[in-house]
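Chemist: need a 3D model of the sequence below.
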Amino acid sequence: MPGARFSKLPDGWFECRCGLAYPEGKACQKCGQTAADAPPSREAGRPGAGHPAGRGSPGKGRRTKAEAVYLASLESRKASGAVAGWIEQPTLPLPDGARYRPDFLVFFPRGPGLPPRVEVHEVKGGHVKKHLAWSEAGVARYRAARALLPWLKFRLFVVEGDSIREGQEAGR
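Modeler: Down below sits the predicted model:
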C-alpha cells in the first residue's frame, strides 16, 4: 500500500505500490511502477497514518511512541557502554514461510575477544495492564521464534510514559 512504509522520502524519490522506494527515473524491479505512475504519498503524522485501521504496529521502518522511548533508552545505555548496539525490526524467518519481526535485536558486550550476548526485545505501550495486548498470530510467531532460537534470550518490555518495565507474556 503506497505511503504505508515511509513517513517521508527524500526529494526525488517515490514509493511504488509494492511499498518499496526508488529514485525518480527508475522503475520498481518488482511491479514496474515509475514515479509518474505513483500516487501521491499519504500524509505522515496524521492519526492512523501507516496503520491499517489506525492502530497496531506501524510497520517495518517505522516505530510506535513506546518503541521511540525504548530506543532513547538504548541510545543512552550505548553511550554508557552497557549496550554494544542493536538492530531495529529485524526479520527472523520461521518454518512454512512465516516471519517474526521483533522490535529490537540488542547486543551486549561480554569482554575482549568474546562475541556479544544477543537478546530479542519486544516493546509494548502503556495501554497494557495485566497482560500484553497482542494478536494471536503475533504471540504464536513470538513463541515459535523463542522455541526455534533457544540461544537467544527473548524479553518483553512495557513502556508507560517515560518509564520502562519488564513485562510478562500473556498466558505465561
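Chemist: going forward, measure contacts between C-alpha atoms and count neighbours the same way
Modeler: OK.
Chemist: Phe154: what's its closest spatial neighbour, skipping adjacent residues?
Modeler: With sequence-adjacent residues excluded and distances taken as C-alpha to C-alpha, 6 or more residues apart in numbering, Phe154 is closest to Val120, at 4.7 Å.
Chemist: hmm, I was thinking of Phe104
Modeler: Glu88 (4.7 Å).
Chemist: so how far is Asp162 from the one you found?
Modeler: 20 Å (C-alpha to C-alpha, to the nearest Å).
Chemist: now do the lengthiest helix in the chain: which elements does it pack against?
Modeler: Counting residues, the longest helix found in the chain (DSSP state H) is helix 65-80. Helices and strands touching helix 65-80, by 3 or more C-alpha pairs under 8 Å, 6 or more residues apart in numbering; DSSP states H and E, are strand 117-124, strand 153-160.
Chemist: at 10 Å what do you get?
Modeler: strand 85-88, strand 104-108, strand 117-124, strand 153-160, strand 163-166 (3 or more C-alpha pairs under 10 Å, 6 or more residues apart in numbering; DSSP states H and E).
Chemist: what comes up buried for it?
Modeler: 66-67, 69-71, 74-75, 78 (16 or more other C-alpha atoms under 10 Å).
Chemist: give me the mean pLDDT for that helix.
Modeler: Averaged across helix 65-80, the pLDDT comes to 93.
Chemist: which regions of this protein lie under the pLDDT threshold?
Modeler: Low-confidence segments of the chain (pLDDT under 70): 1-12, 14, 18-19, 22, 37-61, 126-134, 169-172.
Chemist: same thing but 50
Modeler: 1-4, 41-55, 170-172 (pLDDT under 50).
Chemist: hmm, back to that, pick out whichever of Glu88 and Asp162 has more residues nearby.
Modeler: Neighbours were counted for Glu88 and for Asp162 using other C-alpha atoms under 10 Å; Glu88 has more, 18 against 11.
Chemist: touching, that one and Tyr70? I think so.
Modeler: No. Assessed by C-alpha atoms under 10 Å, Glu88 is found out of contact with Tyr70, at 11.2 Å.
Chemist: name the residues contacting each of these two.
Modeler: Shared contacts of Glu88 and Tyr70, defined by C-alpha atoms under 10 Å, 6 or more residues apart in numbering, are found at 103-104, 121.
Chemist: how near is Gly161 to Glu88?
Modeler: Using C-alpha to C-alpha, we find Gly161 at a distance of 21 Å from Glu88.
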